[in-house]
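Student: Fold the following.
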Amino acid sequence: MKITSHICVFLAVSTLLLCAQNPHSASSTPALRRNPVVNLALESFFDTRTSGSIILTGKCETTMSGRVVSTEELAIPDPWAIKRIDDDLDNLSHLSSHYGWFRRKDGLVQFRDDRASAELLRLHLAQFELVQAVNLEDAVNKLLKAKQVVSFLKQNQIDLEPEFTGAYLGNQEHIQRLSKSPTTPKYSLKLTAVTLEEALNSIVRTFPGVWVYRECPGRINLTSDPVGFPHPPNNLSR
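Tutor: Presented below is the predicted three-dimensional model:
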C-alpha cells in the first residue's frame, strides 16, 4: 500500500509539472476576439492619426442602420495593441492573403482587399469643383453628388448607400450648422482630369481623414471619417 501511494503522488506531481511547462496548454492560449475587418482597419488609422483609404468587399445586408455592406470578421489577439500604422497593417495583412497595404508618395496610406473590383473609383472626372466645404464628410458628400458619379451609378444599377445611423444624421445637422456660420472656415478645391479615387485622396490631403469604400453586388458604401484637423483654408487646383 505504501508503494502504491508513493507512485500515485509522483505521477500527480509529474503531470502538474508537464502542464506548467507546456506552452500549448489551455491556460497559456491567448484570448481571441472577432471583429469586422473594416473596424480593425479604421482603429489603426484613428489611433495612429493616419490619413488614407480603405477599400473592401463584403456581403449585402439590411440592418437597423440601413442597407450596408458587411465585411468579414477576423480573429485577433485580445488585447490588440496598435503602435505604428505600418506594423498594424502588416499584422492585419497576415490574417488573410486577400489583404494588403501600401504608402503613397504623398504619405497617404491605403489598406485594400484584392477581391474588390472598385470600378467606381476608376471613374474618370473631366472636372470637379468643390465649393465652400466645411469638413471632410461635407466634401466627400459633395463629390459623390457630381453628375458623372450619379450617372455612372444609374447606368450600372448600383445603389450608393450612406449608413443611416444616429451619428450619420447628427453629422448632417452639424454640417448644416457649420455651413451657415459666418466664422466657419470654408474650403474650395478644383480638380481636372482625375479619377474618383484621386479626387477622394485630394480631399483627405486637405481634411486629414480616411475614406472607406465597401462593395457588394449592386451596392456600395462610401463613407469618411476625420483623423485630425483641416489644413489652413486654401484653394487647390490640379
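Student: Show the contacting residues for the residue nearest in space to the middle of the chain.
Tutor: The residue lying closest to the centre of the chain (Cα atoms, centre = their mean) is residue 42, at 4.0 Å. Contact partners of residue 42, counting by Cβ atoms under 8 Å, 6 or more residues apart in numbering, are 54, 210, 212, 225. Where C-beta positions appear, they are placed from N, C-alpha and C, glycine not excepted.
Student: tell me the secondary structure for the residue lying closest to the second one once chain neighbours are set aside?
Tutor: In space, and not counting its chain neighbours, residue 210 is closest to residue 45: 4.5 Å by Cβ to Cβ, 6 or more residues apart in numbering. For residue 45, the assignment made with DSSP: H, G, I helix; E, B strand; the rest coil gives helix.
Student: what about residue 149, distance to residue 125?
Tutor: Separation of residue 149 from residue 125 (Cβ to Cβ, to the nearest Å) stands at 8 Å.
Student: And for residue 70?
Tutor: Residue 70 is 29 Å from residue 125, by Cβ to Cβ.
Student: Repeat that for residue 84.
Tutor: Residue 84 sits 34 Å away from residue 125, taking Cβ to Cβ as the criterion.
Student: Among these two, which residue is more densely surrounded?
Tutor: A side-by-side neighbour count of residue 84 and residue 125, using other Cβ atoms under 10 Å, places residue 125 first with 18 against 12.
Student: List the residues that contact that one.
Tutor: Applying Cβ under 8 Å, 6+ apart as the definition, the contact partners of residue 125 turn out to be 146, 148-149, 191, 193-196, 199.
Student: Kindly recompute the last result at 7 Å.
Tutor: 146, 148, 191, 194-196, 199 (Cβ atoms under 7 Å, 6 or more residues apart in numbering).
Student: Show the pLDDT at residue 169.
Tutor: The per-residue pLDDT reported for residue 169 equals 52.
Student: meant to ask about residue 32, not that
Tutor: Confidence score, pLDDT, at residue 32: 83.
Student: Check the burial of the residue nearest to residue 210 by counting its neighbours.
Tutor: Taking other Cβ under 10 Å as the criterion, the count of residues near residue 45 is 24.
Student: my read: it touches residue 227, true?
Tutor: Yes: in this structure, residue 45 is within contact of residue 227 by Cβ atoms under 7 Å, at 5.8 Å.
Student: overlap in contacts of these two?
Tutor: Looking at what touches both residue 45 and residue 227 (by Cβ under 7 Å, 6+ apart), the common residues are residue 210.
Student: With adjacent residues omitted, what lies nearest to residue 228?
Tutor: With sequence-adjacent residues excluded and distances taken as Cβ to Cβ, 6+ apart, residue 228 is closest to residue 208, at 3.6 Å.
Student: Residue 186 too?
Tutor: residue 132 (4.3 Å).
Student: So the one you found lies in a strand, does it not?
Tutor: Yes: for residue 132, which was evaluated using three-state DSSP, the result is membership in a strand.
Student: Count the residues that sit near residue 82.
Tutor: Applying other Cβ under 10 Å, I find that residue 82 has 16 neighbouring residues.
Student: show me the contacts for it.
Tutor: With the criterion set at Cβ under 7 Å, 6+ apart, residue 82 makes contact with 43-44, 47-48, 88.
Student: now residue 100
Tutor: If you count contacts by Cβ under 7 Å, 6+ apart, residue 100 has them with 93, 112, 114.
Student: Sitting in helices, which of those residues do you find?
Tutor: The helices, defined by DSSP state H, take in residue 93 from those.
Student: Output the contacts of residue 100 as CSV; include the columns distance to residue 153 and neighbour count.
Tutor: As requested, those are exported to CSV (distance: Cβ to Cβ, whole Å; neighbours: other Cβ atoms under 10 Å):
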residue, distance to residue 153, neighbour count
93, 30, 15
112, 21, 20
114, 23, 11
